[in-house]
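Colleague: need coordinates for the below:
(one chain, ligands or ions: 1)
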Amino acid sequence: MARAKSNQPMLPFDDEASGPAELPEIKSLAEAAIAVQGCTRCSLYQFATQAVFGEGPAEASMMFVGEQPGDQEDLAGKPFVGPAGKVFDQALAAAGIDRDRVYVTNAVKHFKFQPRGKKRLHQRPNGGEIRACRFWLDLERAFVKPLVTVAMGATAVQSLLGSSATITSLRGAPTQLEDGSWVMVTIHPSYLLRMTDRGDVAAEREKFEGDLRAAKALEGKLAGAA
Ligand code: SF4
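Modeller: I've put the predicted structure just below:
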């Protein structure tokens, strides 16, 4: 897996990407947040309202990565402010994690959807879109340098680990990246919203909160050792 290792990552070339000449040299997270609005590396920019970049302190030692902005995030320009964001906030609070102290982002920065009447129905990004947008996630990781990154859901796992392995098989065991930091895998909070059995939801919510507690414990251990 190719990873950005410094604050001046190489601009990757791939089938889905536009040439690097279209992007200015990016020297900070704040500059990246502006530059992403001009991104044309895949076709998703054509349909969404805006790119939704990550949010949080540039020195955060924990990063959370979801899939892509949803309908409300697309309109607000902020990650995790819709229904899944509320589930996420509750789980963070239950795990004793202060959202203001962590960096929250998505693997794909533009909302992918299918219009259905007045509604916009979420569509999962494909492999090409995930690979194209990894440029921005690599930049965020290169600037923030988190000790622990929590991959929430299959798209985040695919982007961060280049793996299509199931959440179940990866859950509970941290994976070390080439830059020395660690990735922990859990569900995307929207999964809880899609479940129908209340008993299952309660059990899965508990597991989700447990994953966040484990990620926090790992971050504490690594920060203590640093
Ligand atoms: S989804 Fe990502 S790669 Fe595609 S246009 Fe938006 S910012 Fe660029």
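Colleague: mind telling me what element the closest residue to residue 99 other than its chain neighbours is part of?
Modeller: Once flanking residues are discounted, residue 99 sits nearest to residue 92: 5.3 Å by Cβ to Cβ, 6 or more residues apart in numbering. Yep, even glycine has a C-beta here, placed from its N, CA and C like the rest. Per DSSP states H and E, residue 92 falls inside helix 83-94.
Colleague: double-check the residue nearest to residue 99 against residue 100; I have them as touching.
Modeller: No. If you go by Cβ atoms under 8 Å, residue 92 and residue 100 don't touch, sitting 10.1 Å apart.
Colleague: out of those two, which sits in the busier spot?
Modeller: Taking other Cβ atoms under 10 Å, residue 92 and residue 100 do not tie; residue 92 has more neighbours (20 against 9).
Colleague: so that one versus residue 81, what's the distance?
Modeller: Distance from residue 92 to residue 81, counting by Cβ to Cβ, to the nearest Å: 14 Å.
Colleague: cool, residue 96 as well?
Modeller: For residue 96 relative to residue 81 (Cβ to Cβ), the value is 21 Å.
Colleague: quick one, which of those two is more surrounded?
Modeller: Neighbour comparison, residue 96 and residue 81: the larger count goes to residue 81, with 20 against 10 (by other Cβ under 10 Å).
Colleague: tell me the contacts of that one?
Modeller: Residues near residue 81 by Cβ atoms under 8 Å, 6 or more residues apart in numbering: 72, 73.
Colleague: so it belongs to a strand, correct?
Modeller: No. Assessed with DSSP: H, G, I helix; E, B strand; the rest coil, residue 81 is coil; it does not lie in a strand.
Colleague: list the contacts for the residue nearest to residue 99?
Modeller: 98, 99, 102, 212.
Colleague: among those, which one sits closest to the ligand?
Modeller: residue 102 (21.6 Å; Cβ to the nearest ligand atom).
Colleague: if I pick that closest one, what's in contact with it?
Modeller: Taking Cβ under 8 Å, 6+ apart, one finds 56, 57, 60, 62, 63, 64, 92 in contact with residue 102.
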